[in-house]
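Enquirer: below are the sequence and a predicted model; questions follow.
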Amino acid sequence: MHGHVAGVHPRHSESAFARLSDEDLRRLLHLALSKGGDYADLYFEHSQTASYVFEDERIKTVGRGVSLGLGVRVQRGEATGYAYCEGLDEAAMARAARTAAEIAESSARPGPQLIESRSIPSFYPVGVASLDSPAANKLDLLRRGDRAARAADRRIVKVVCSFSEEQREILIVTGDGRRYSDQQPLLRYGIHVVAEDGTKRQSGSGGGGGRYGIDYFAQRTPEHYASEATHVALAMLDAVEAPAGQLPVVLAAGDSGILLHEAVGHGLEADFNRKQTSNYSGRVGELVASELCTVVDDGTVSHSRGAINVDDEGAPGQRNVLIEHGRLRAYMQDHLSARIMGTTPSGNGRRQSFRHEPMPRMTNTYLLSGSDTPEDIIRSVNRGVFARRFSGGQVNISNGDFVFSLTESYLIEDGKITAPLKGVNLIGNGPDVLTKVSMVGHDFEMSDGIWTCGKEGQSVPVGIGTPTVKIAAITVGGTRT
Amino acid sequence: MSHVSMDKQRELQALAETVAALAIDDGADAAEVIVGAGQSLSVKIRQGQKELLHESESHGLGLRVFVNHRSAVCHTSDLNEAELRRFVHDTVELSQLSEPDELNELPDRQDLIPLGQSLLDLDLWDDQTAKLSAPELFDIARRTEAAALGFSKKITNSDGAGCDRNAGYMALALADKAGLGFSGSSRGTYCSFSVEALCDDEGGKKRNASFWSAHRFFQQLATPESVGQEAARRALRKLGAQKLATAELPVVFDSDASRALLRTLASVVSGGAIYRKSSYLCGREGTQVASPLITIVDDPLRPRGPGSRTFDGEGLAARRNVIVDQGILSGYLLDSYSARKLGRRSNGCAGRSVGGSPHVTTSNLILHAGTTEPQGLLDGIERGLYVTDMMGFGFNAVTGDFSRGAAGFLIENGQLTVPVSEVTISANFDDLLKRIDAVGSDLDERSSTMSPSLRVSKMTVAGH
């Protein structure tokens, strides 16, 4: 472990990469291109994490972790060579560069003459990094969450609170001599409760976070998350069987942004479209959604969990309109796909860590506000489902089928929200469902920062958001026929 | 790989012992150290061309310490001696932030595998797998993809074929003030390859299916040709998939889909879920939780098994545990902490990774095969759903409510007829397991969760 216990000693504040000279970087790139690759880059990462778990009314577990290493990538045509080393040992770094170089099989190309630092925007400035804040403050947040959840109702029988934080420093050096560095803070607070009433039992969760310092929890308090979690668990104690079949569904603002992430987001990642394996391949310019839909992927959302000042291959974070009034405008590009498709990277080249090669990934994906009021949207439904909270979603890129799983939902009867429903899945087909978006609220909201997106074995933090939305018909996977 | 692998194992074990002793010297009452190291090579071919060559050499060390029943769990990838000393010191200091928990300690000494006792050899290492070169892996991937693309003109694309090999080493040491309590190490190899085939359907939709082979021993892998052809066959038969009308139907799960059901069950029989009251199976031991046709065991001692281990993550001898015996829940899977919380003894199911605390994991989780030929599961079904793919996370562990996206085929009069997609299947999981009325003979042994095909007499299928 690098550094010391937070709050006991100060963390090392100088860059983990201060020892690396431009000459070192040039030498490594030279080795990476020694077999004739078209392009190479270096990705240095130093990540420090800490986690705290509060259970059975005590601080149960504390943990810290550190990882430090270099990933070297070399491209030759559409092919990628990738190798990494743990630590910054000179011999190991050189070995990684030579190994990655092996994807190419011709004579050496020159590396950059000059390494030039590039400045990037700053979407998540943080006064004091959470890792450097006194541990006592974090333990206090956990105790407060536990206390509030227990006090909420005598039926709350189990409470687990957790807090995790990360400080990631990255340094990217590209084969054409650009150098970018960034500090990426990330924190997440979570609370999980179980409610029991006679023989009935239910669970509920609340949580949030983002690229903030610990002062975030002055606005979003542990008591707020405790009330979210206990509200869900208690409401769901009386849940009835959900209907099965096609029904109108109203998606609440915020978390329902998962619809955009699954129904269109993944299908618009450029790798699938370059390879023609997505059902959105070759459809730029076509109507793929209701004209009420404008969908954006936006790395610039201030302090959001999915925000990036620079992506993991040196493209600054930016705002990209994917679908404009229903018409498909653009895919999300990484360096490789952009080069092959003859366009420019869109700031979507991301990776889980230095152990992984980058690929096109979402940042913060959301639907822009419309003009309806949430009340009117609910009133317009005769019999349907109101969905508030989700445990996750999944999509098949090729045929467009996607699901998302509801953990808090209610029946709508005669324009009013009525009985809570047992957990169900909604299933639909991306382009089909988006043409059925029939009302869009004016109440846009970003989801609080809890979401992680998985693709090809790599996880990255993302953000989602949406106003209240009505889907005229989608399949609800309940049990009541 | 330049070194001899047995030496590597000894080296890691010595490091684990040294760091455990350092922690005790630094004031810990007890310490547990895991050291992991691995080499892997992974390639991808797409449209006959090289797409990716990924090579890695990784290592890491995880340390758990106890001081007056306070504990901390830390990990690092920096194994240089001076750094490790500081790391140990910081971890011991960090434990003071936690609060005492009498139940949180290492297993009792008498439960550990005694020092010096030789460990079972489960035959988990294959030299040939460990030495596979990049050109060999590229060749397997190329042949697999070519077999898929060449199977039919209707296979118009591929998402590529991948082939990986891994060689991993692990060492674990436990010590307290009385000295070393357990020290052991293991090593294993693994090789897998797969391909995803695509074909074009109406309305711009593409139908895709993948197939794979995996084994610890290279010689026991399927041929690239058979895997490629099977992926193509599976993609082609999805052409023309439609939604079904909402109805209650009998549902047959193929062995892939059944594996997902078995993973769902694993999540609600672990000691952690039970003491946290996060399982619908709390308090259900000794009662019927599944059809009498169902027997499920966790067996870490299978020679060459993908999930085999001789000792668990806390130094206890791994053992075969029966979870469900002819429909009756016979026991939960426990590590030391969850066992103490439930007033019992661990049954050796602690998993441990470098980056996390010990918690219950399965080893080889096996649902025993039945006697019905897979085709026989369809017999007598007038109208039903045959499920090959499931999507989503729709399971509430506390209540057992289960709802997932599904795709597969319509069963009509005992035959698979129309391909089906974009439906959901739902039931309470407790009912689902009790409604299993036939178990296939086709146990799929490729992964550490092994299941045959299953038939469930009734579920809600939601479509249009």
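Expert: Arrived safely, thanks for sending. Numbering: from 1, shown residues only, chains lettered A, B, ... in the order given.

Enquirer: can you get me a residue count around A:A218?
Expert: Neighbour count of A:A218, defined by other Cβ atoms under 10 Å in any protein chain shown: 7. No exception for glycine: its C-beta is placed from N, CA and C like everyone else's.

Enquirer: over to the one 10 residues further on?
Expert: By other Cβ under 10 Å, the residues close to A:E228 number 21.

Enquirer: next one: the one 10 residues further on
Expert: Each residue near A:D238 was counted by other Cβ under 10 Å, and the total is 11.

Enquirer: that one: which element?
Expert: Using DSSP states H and E, A:D238 sits within no helix or strand.

Enquirer: what sits against the spatially closest residue to B:V423 that is not a sequence neighbour?
Expert: Distances taken as Cβ to Cβ, 6 or more residues apart in numbering or on different chains put B:G463 closest to B:V423, at 4.4 Å, once the chain neighbours are dropped. Counting by Cβ atoms under 8 Å, 6 or more residues apart in numbering or on different chains, B:G463 makes contact with A:245-246, A:475, B:243-246, B:422-423.

Enquirer: which members of the residues you listed occur in strands, if any?
Expert: Using DSSP state E, A:245-246, A:475, B:422-423 are the members of the contacts of B:G463 that sit in strands.

Enquirer: which parts of the chain are helices?
Expert: Using chain A. For chain A, the helices defined by DSSP state H cover A:22-32, A:90-101, A:135-152, A:216-219, A:222-236, A:258-260, A:270-274, A:335-341, A:374-379, A:430-435.

Enquirer: other chain: chain B
Expert: B:5-25, B:81-94, B:127-130, B:134-149, B:224-236, B:255-268, B:271-275, B:336-341, B:429-434.

Enquirer: who wins for proximity to A:K416 among those helices?
Expert: Of all the helices of chain B, helix B:429-434 sits nearest to A:K416, with 31.2 Å by Cβ to Cβ.

Enquirer: for that closest one, list every residue counted as buried.
Expert: Within helix B:429-434, the residues that qualify as buried are B:429-430, B:432-434, counting by 16 or more other Cβ atoms under 10 Å in any protein chain shown.

Enquirer: which two in these are spaced the farthest apart?
Expert: Longest span within these, Cβ to Cβ: B:F429 and B:K434, 9.7 Å.

Enquirer: quick one, grab the pLDDT at residue 10.
Expert: Here I'm looking at chain A. Looking at A:P10, its pLDDT reads 38.

Enquirer: the intended chain is chain B.
Expert: Value for B:R10, per-residue pLDDT: 93.

Enquirer: residue contacts, it?
Expert: B:R10 neighbours (Cβ under 8 Å, 6+ apart): B:S185.

Enquirer: that one and B:T417, how far apart?
Expert: The gap separating B:R10 from B:T417 is 60 Å, by Cβ to Cβ, to the nearest Å.

Enquirer: go on, A:E102?
Expert: 50 Å.

Enquirer: which one of the two is surrounded by more residues?
Expert: Between A:E102 and B:T417, counted using other Cβ under 10 Å, A:E102 has the larger neighbour count: 17 against 12.

Enquirer: wait, that one sits on B:K50?
Expert: No. A:E102 is beyond contact range of B:K50, at 10.6 Å (criterion: Cβ atoms under 8 Å).

Enquirer: what touches both of those two?
Expert: With contacts defined as Cβ under 8 Å, 6+ apart, no residue is shared by A:E102 and B:K50.

Enquirer: how about whichever residue of chain B sits closest to chain A: which residues does it bridge to?
Expert: Among the residues of chain B, B:T424 lies closest to chain A, at 2.7 Å counting by Cβ to the nearest Cβ. With DSSP bridges as the criterion, B:T424 is bridged to B:G405, B:A462.

Enquirer: wait, it sits on B:A462?
Expert: Yes. Look at B:T424 against B:A462 with Cβ under 8 Å: they come within range, at 4.6 Å.

Enquirer: who touches both of those two?
Expert: Residues touching both B:T424 and B:A462 (Cβ under 8 Å, 6+ apart): A:244, A:427, A:475-477.

Enquirer: what's the neighbour count on A:Q219?
Expert: Look at A:Q219: counted by other Cβ under 10 Å, it has 8 neighbours.

Enquirer: please report the distance of it from chain B.
Expert: In this view, A:Q219 and chain B are 25 Å apart by Cβ to the nearest Cβ, to the nearest Å.

Enquirer: for the stretch 101-250 of chain B, what spans make up the strands?
Expert: Under the criterion DSSP state E, counting those that start in this stretch, strands of the stretch 101-250 of chain B are mapped to B:155-176, B:179-200, B:206-215, B:247-253.

Enquirer: now the last one: buried residues?
Expert: By that I understand strand B:247-253. Using 16+ other Cβ under 10 Å as the test for burial, strand B:247-253 gives B:247, B:249-253.

Enquirer: and it, what does it pack onto?
Expert: Applying 3 or more Cβ pairs under 8 Å, 6 or more residues apart in numbering or on different chains; DSSP states H and E, we find strand B:247-253 packed against strand B:383-391, strand B:454-462.

Enquirer: direction included, what does that strand pair against?
Expert: Sheet pairing of strand B:247-253 (DSSP bridges) gives strand B:383-391 (parallel), strand B:454-462 (antiparallel).

Enquirer: just name the most buried of the ones you listed.
Expert: strand B:454-462 (a mean of 25; mean count of other Cβ atoms under 10 Å in any protein chain shown).

Enquirer: gap between the closest residue to A:M341 other than its chain neighbours and chain B?
Expert: Distances taken as Cβ to Cβ, 6+ apart put A:R274 closest to A:M341, at 5.6 Å, once the chain neighbours are dropped. For A:R274, the distance to chain B equals 10 Å [Cβ to the nearest Cβ].

Enquirer: now check stretch B:334-353, is it near chain A?
Expert: No. Using Cβ under 8 Å from any Cβ of the partner chain, stretch B:334-353 stays clear of chain A, coming no nearer than 8.7 Å.

Enquirer: now that stretch - C-alpha only, CSV.
Expert: Written as CSV, here are the backbone C-alpha positions of stretch B:334-353 (Å, rounded to 0.1, in the frame of the first residue of the first chain):
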residue,chain,number,x,y,z
LEU,B,334,-20.6,-21.5,5.3
ASP,B,335,-17.4,-19.7,5.9
SER,B,336,-16.1,-19.1,9.5
TYR,B,337,-17.9,-15.8,10.1
SER,B,338,-21.3,-16.7,8.8
ALA,B,339,-21.0,-20.0,10.6
ARG,B,340,-20.4,-18.3,13.9
LYS,B,341,-23.2,-15.8,13.2
LEU,B,342,-25.5,-18.8,12.8
GLY,B,343,-24.0,-20.7,15.8
ARG,B,344,-22.4,-23.4,13.7
ARG,B,345,-19.0,-24.5,12.3
SER,B,346,-17.7,-23.6,8.8
ASN,B,347,-18.1,-26.3,6.2
GLY,B,348,-15.1,-25.1,4.2
CYS,B,349,-16.8,-22.8,1.6
ALA,B,350,-14.8,-19.6,2.1
GLY,B,351,-13.6,-18.1,-1.1
ARG,B,352,-10.8,-15.6,-1.0
SER,B,353,-9.4,-13.3,-3.7
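
Enquirer: which residues touch it?
Expert: Stretch B:334-353 has contacts (Cβ under 8 Å, 6+ apart) with B:34, B:36, B:62, B:103-107, B:111, B:172, B:270-272, B:274-275, B:298, B:300, B:311-314, B:316-319, B:321, B:331-333, B:358-363.

Enquirer: so which bits of it are buried?
Expert: Neighbour counts over stretch B:334-353 (16+ other Cβ under 10 Å) mark B:334-341, B:346-353 as buried.

Enquirer: next, count neighbours for the closest residue to A:T468 other than its chain neighbours.
Expert: Nearest residue to A:T468, sequence neighbours excluded (Cβ to Cβ, 6+ apart): A:G441, at 3.4 Å. Applying other Cβ under 10 Å, we find 26 residues neighbouring A:G441.
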